[in-house]
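**Student:** what shape does this take:
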Amino acid sequence: MPFYWTLGQVPELGGLSPAERRRVHRACYWQHAFRSPRCILALVVCGLCPVVGGAAGGRLLHFLFDTPLSFWYGILGAAIGGGIGGAIFGQTVTSYLRPFYAAYTSRVSCGALMVTLNRSDQRPNSR
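**Tutor:** The predicted structure is shown next:
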């Protein structure tokens, strides 16, 4: 499974401008992502990663290196866990939405083509 750092690296969105990529991603995300058990599970994992990271960051350093307990170790662990959880969620959703990106862009481009054709049929003759 390829790792996509940005939406521009997704092959189905590669030929679009950044604004169009965001629009397509948002439309597909809100329409399809939360209907998938895989994406819902990834969202749960995304929420649990900061909890586990905060607990591990606060306690693991204390037990391994005999450092004093500090609130900031938990915050640092939660931030690292949140980053890992967010990456898991982002990759899961992007890989799930790839077929929907292609379908959405073809449907929208065909719709725009039809609107263009309908408008060209309504132009008055210049003669």
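
**Student:** retrieve the pLDDT associated with the residue nearest to the spatial centre of the chain.
**Tutor:** The centroid of the chain falls nearest to residue 90 when counting by Cα atoms, centre = their mean (4.0 Å). Per-residue confidence (pLDDT) for residue 90: 95.

**Student:** and what of residue 68?
**Tutor:** At residue 68, pLDDT is 81.

**Student:** swap in residue 54?
**Tutor:** So, for residue 54, pLDDT stands at 89.

**Student:** cool, and residue 123?
**Tutor:** Confidence score, pLDDT, at residue 123: 43.

**Student:** the longest helix in this protein is where?
**Tutor:** Longest among the helix segments of the chain by residue count, using DSSP state H, is helix 71-121.

**Student:** count residues in the vicinity of residue 12, would you?
**Tutor:** 20 (other Cβ atoms under 10 Å). C-beta here means a position set from N, CA and C on the backbone, and glycine is covered the same way.

**Student:** wait, what's in contact with it?
**Tutor:** Applying Cβ atoms under 8 Å, 6 or more residues apart in numbering, we find residue 12 in contact with 98, 101-102, 105.

**Student:** residue ranges in the chain under the pLDDT threshold?
**Tutor:** Low-confidence segments of the chain (pLDDT under 70): 109-127.

**Student:** which other helices and strands contact the longest helix of the chain?
**Tutor:** Helices and strands touching helix 71-121, by 3 or more Cβ pairs under 8 Å, 6 or more residues apart in numbering; DSSP states H and E, are helix 18-32, helix 37-65.

**Student:** list of residues touching the first one?
**Tutor:** Okay, so that is helix 18-32. By Cβ under 8 Å, 6+ apart, the residues outside helix 18-32 that reach it are 7-8, 10, 13, 16, 93, 96-97, 100-101, 104-105, 108.

**Student:** stretch 70-83 too?
**Tutor:** 46, 49-58, 60-62, 67.
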